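In: the sequence isn't on hand, but the structure is:
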């Protein structure tokens, strides 16, 4: 379990990156990207940034390639906005948790409909 400092850093990086993503001018980046989670290592060497998209997992995966090329620019912007000694190397990963949650929600909704139909009969 991460320490309080690390949890706070994860939240701070998530907030800052969420504000920086819409400022990128690359047309290949979907405007509906969101930072789902950030995991920073203890020594601040690396930060795994989980990216989600309303367009689905494929759009998020495509965006990670574009964001990988913009990682240097994002790091320099983070250095300006965050006041920590070392800005970690950013590793972008496509996140499918939104699709997974929607799938689980549909399954639960199907069970509840089935239960209602059985009770009405």
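Out: Okay, I see it. Since the model is a prediction, treat every value here as computed from it, not as a measurement.

In: next structured bit after the strand or helix carrying residue 6?
Out: The secondary structure element spanning residue 6 is helix 4-20 (assigned by DSSP states H and E). Downstream of helix 4-20, the next assigned helix or strand under DSSP H and E is strand 33-40.

In: the very next helix or strand once past that next one: how far from the chain's middle?
Out: For strand 33-40, the following helix or strand on the C-terminal side (DSSP H and E) is strand 46-53. How far strand 46-53 lies from its chain's middle: 5 Å, per Cα atoms, centre = their mean, to the nearest Å.

In: okay, buried residues for strand 46-53 please.
Out: Within strand 46-53, the residues that count as buried by 16 or more other Cβ atoms under 10 Å are 47-53. Just so you know, the C-beta spots here come from the backbone N, C-alpha and C atoms, and that holds for glycine as well.

In: scan this protein for its longest helix.
Out: Counting residues, the longest helix in the chain under DSSP state H turns out to be helix 97-120.

In: what does that one rub up against?
Out: Applying Cβ atoms under 8 Å, 6 or more residues apart in numbering, the external contacts of helix 97-120 come out as 36, 50, 52, 54, 56-57.

In: and those residues, which is closest to residue 5?
Out: The nearest member of the contacts of helix 97-120 to residue 5, counting by Cβ to Cβ, is residue 50 at 20.3 Å.

In: which residues does that closest one bridge with?
Out: residue 37, residue 93 (DSSP bridges).

In: from here on, call the first residue 594.
Out: Renumbered: residue one is now 594, and that last one reads residue 643.

In: my guess is it contacts residue 627, does it?
Out: No. At 9.5 Å, residue 643 and residue 627 do not qualify as touching, with contact defined as Cβ atoms under 8 Å.

In: from the buried residues of strand 639-646, which two are the most distant?
Out: For the buried residues of strand 639-646, the maximum inter-member distance is 19.3 Å, found between 640 and 646 (Cβ to Cβ).

In: buried residues, stretch 605-612. List them.
Out: Buried-residue list, stretch 605-612, by 16+ other Cβ under 10 Å: 605-607, 609-610.
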